[in-house]
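Starting from these lines, generate the structure:
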Amino acid sequence: MMESLFELLDSMKDEAISTLGELVRINTSVPPGKNYPEAVDYMARRLRKVGFEVEKIPMPRELFENKNPRLSHLEGERVNLSAIKSAGAEKTLLINTHLDVVPASGNWTVPPFDVTVQDNRIFGRGVSDSKGGIAAMLTMLSAIDEMGIEPAYNLNIAMTTDEEMGPYSGLCHLADIGKLKADYFLSMDGDSDSITIAANGNVDWQVDVYGKSYHSGSSFLGVNAIEKAIPVMRGLMELKGEIEKRRSSVAASQVIRKKTGIDTLRPVLNISIIKGGVKQNIVPDLCTLKGDRRFIPEEKFEDVCRELNDALTRVREKDPGINMKFVCNEVYTPLLTDIDHLWVREVQRAANAAAGREVACAGTHGSLDVAYAVKVTGLPACCFGTGRNGESNAHGDDENIMVDDLVMYTKFLGRLVCGFNGQP
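Now for the predicted structure:
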């Protein structure tokens, strides 16, 4: 049965590419995210054909704006999809990824919102991140429906939106309203280089340094907020040096290891934005510093904020004339699934067999909305996708995946969903 399925999936390569083309041609770029309803309608039609009960779930506009105040300008319905199929199984598998993609620049050498196949690669916006996984899933589901193969799990498929914007994405909303009921969680928002079982958390911070505005010709009568911000930055940079010496016990991805020699996840502190002043001849009365702090799974949000606040307190002690306000907000919690969990081993067996190589488990230095869903549901989660970290150019020009990796992923899903891991 397994070999017959894989032969069928090999023969459906062109169908998988065609499905991917249909998905890519629905421009779900965010901003603005206007075409989410069209993408959800497409998914609903395809999933109903293979026996799923489908529910379209928009995030209420008021909730979206309250949770994402910086995104209130975005137009269009923030709609998501929940699809359920019972196989009468003991366990339920949640499969998720996001329908939205980042915008495309004008520097592509092929049309970004169509698929172009060249040299065994498929080009198009979102093919790697992460519509390739969706196309592979739809192809696999069609194949097992055609062959009359019953899944080994009840299936809960969540196709969500606004992952590329966050922090409160459609996946977060479905978690909060109880639509992610399952025993195991597979996110297709990953690459095929490794199985992601951990991710750094993310904290956004802001420091407002206050001064006193005055004519620059008599600047000694004012208080220059930008100049007052210099020791604040020095204090943060000293803290950065301490933070970035730390290491997680979780292995970094193979790509990071090869490029940098960094073997495990590490925390980082970044000063990302500086704003101050309105005119050259006016002493600035405000300088705003913004940045983020990526924290490893072994660290806690409360400790991250306390450490930042302590560093700023030391700055004040050295210069009591500095007047500033500090704000620290958690964007995403860290993700960590035990590498020895039976679900991790199950996913790894399927990935190894489908890819024909050892696929290692690793962590990502980025942050994921999957972590929010895991925090709410407590599910063991793995992320594995179709792209290649060093080659697919996700978010960049000429994003692509290999044709062979798309077919590989249909077989990975077939193995996992149908419970073929125990077969030779």
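
now residue 128: how far from residue 167?
22 Å (Cβ to Cβ, to the nearest Å). Backbone N, C-alpha and C define where each C-beta goes, glycine included.

okay, those two: which has more neighbours?
Per other Cβ atoms under 10 Å, whichever of residue 128 and residue 167 has more neighbours is residue 128, with 29 against 19.

Grab the nearest non-local neighbour of that one.
residue 387 (3.1 Å; Cβ to Cβ, 6 or more residues apart in numbering).

for residue 370, same thing?
Nearest one to residue 370, counting by Cβ to Cβ, 6+ apart, is residue 187 at 4.8 Å.

And residue 359, by the same measure?
According to Cβ to Cβ, 6+ apart, the nearest residue to residue 359 is residue 351 (4.1 Å).

so where does the residue lying closest to residue 276 once chain neighbours are set aside fall, helix or strand?
Leaving aside its sequence neighbours, residue 276 sits nearest to residue 287 (Cβ to Cβ, 6+ apart; 3.5 Å). Assigned by DSSP states H and E, residue 287 belongs to strand 286-295.

circling back: can you pull up the bridge partners for the residue nearest to residue 276?
Beta-bridge pairing for residue 287 (DSSP bridges): residue 209, residue 276.

Check the offset of the helix or strand encompassing the residue nearest to residue 359 from the chain's centre.
Using DSSP H and E, residue 351 sits in helix 342-355. The chain centroid and the centroid of helix 342-355 are separated by 21 Å, computed with Cα atoms, centre = their mean, to the nearest Å.

Contacts made by stretch 235-245 with the rest, please.
With contact meaning Cβ atoms under 8 Å, 6 or more residues apart in numbering, stretch 235-245 is reached by 266-269, 271, 289, 291, 293, 307-308, 311-312, 314-315.

Now do it, average pLDDT.
Per-region confidence: stretch 235-245 scores 97 on mean pLDDT.

Buried ones in it, by neighbour count?
235-236, 239-240, 243 (16 or more other Cβ atoms under 10 Å).

Kindly reformat those residues as JSON lines containing distance to residue 340.
What follows is the buried residues of stretch 235-245, written out as JSON lines (distance: Cβ to Cβ, whole Å):
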{"residue": "235", "distance to residue 340": "41"}
{"residue": "236", "distance to residue 340": "38"}
{"residue": "239", "distance to residue 340": "34"}
{"residue": "240", "distance to residue 340": "34"}
{"residue": "243", "distance to residue 340": "29"}
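
got the contact list for residue 10?
Taking Cβ under 8 Å, 6+ apart, one finds residue 407 in contact with residue 10.

element containing it?
Counting by DSSP H and E, residue 10 is part of helix 2-11.

which residues sit against the following helix or strand past that helix?
Downstream of helix 2-11, the next assigned helix or strand under DSSP H and E is helix 13-24. With Cβ under 8 Å, 6+ apart as the contact definition, helix 13-24 has outside contacts at 39, 42, 46, 113-115, 117, 122, 124-127, 131-132, 134-136, 138-139, 142, 403, 406-407, 410.

From the residues you listed, list just the buried residues.
39, 42, 46, 113, 115, 117, 122, 124-127, 131-132, 134-136, 138-139, 142, 403, 406-407, 410.

Among the residues you listed, which are located in helices?
39, 42, 46, 132, 134-136, 138-139, 142, 403, 406-407, 410 (DSSP state H).

burial count for residue 355?
Count around residue 355 with other Cβ under 10 Å applied: 18.

okay but it is in contact with residue 194, surely?
No - between residue 355 and residue 194 there is no contact under Cβ atoms under 8 Å: 10.7 Å.

Not including adjacent chain positions, what is the nearest residue to residue 133?
Per Cβ to Cβ, 6+ apart, closest to residue 133 is residue 188, 3.2 Å.

Give me the distance between the one you found and residue 218.
Residue 188 is 62 Å from residue 218, by Cβ to Cβ.

ok, these two, which is more surrounded?
Of the pair residue 188 and residue 218, residue 188 is the one with more neighbours under other Cβ under 10 Å, namely 24 against 9.

center of this protein, which residue is that?
residue 368 (4.0 Å; Cα atoms, centre = their mean).

Pull the contacting residues for that one.
187, 189, 196, 199, 332, 335, 383.

Just the closest of these to residue 214, please.
residue 332 (42.0 Å; Cβ to Cβ).

and the closest one, bridged to which residues?
residue 202.

thought residue 187 was touching residue 93?
No - Residue 187 is not in contact with residue 93 according to Cβ under 8 Å; the separation is 11.7 Å.

between these two, who's got more neighbours?
residue 187 (26 against 22).

Next, that one: phi, psi?
Note on residue 187: backbone dihedrals following degrees, to the nearest 10 are phi -100, psi 130.

what pairs with it across the strands?
residue 96, residue 383.

for it, what are its contacts?
Residue 187 is in contact with 96-97, 196, 368, 370, 381-384, counting by Cβ under 8 Å, 6+ apart.

Least confident of the residues you listed?
Pick the lowest pLDDT in the contacts of residue 187 and you get residue 368, at 93.

follow-up on the earlier one: output the next helix or strand along the chain from the helix holding residue 351 in CSV with nothing but the alpha carbons.
Of the helices and strands lying after helix 342-355 in sequence (DSSP H and E), the nearest is strand 361-364. Extracted in CSV, the C-alpha atoms of strand 361-364 (Å, rounded to 0.1, in the frame of the first residue of the first chain):
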residue,chain,number,x,y,z
CYS,A,361,16.4,18.3,15.0
ALA,A,362,17.4,21.9,15.7
GLY,A,363,16.2,25.3,16.9
THR,A,364,15.7,28.5,15.1
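
Any buried residues in the following helix or strand past strand 361-364, and which?
Once strand 361-364 ends, the next helix or strand along the chain (criterion: DSSP H and E) is helix 369-377. Residues of helix 369-377 classed as buried: 369-374, 376-377 (neighbour count, 16+ other Cβ under 10 Å).

What of stretch 227-236?
Neighbour-count burial for stretch 227-236 flags 228-229, 232-233, 235-236 (criterion: 16+ other Cβ under 10 Å).

and of the residues you listed, the nearest to residue 203?
Using Cβ to Cβ, the buried residues of stretch 227-236 come closest to residue 203 at residue 236, 13.1 Å.

Given the helix or strand where residue 155 lies, what are its sheet partners and their directions?
Under the criterion of DSSP H and E, residue 155 resides in strand 154-160. The pairing partners recorded for strand 154-160 under DSSP bridges are strand 79-85 (antiparallel), strand 92-98 (parallel).
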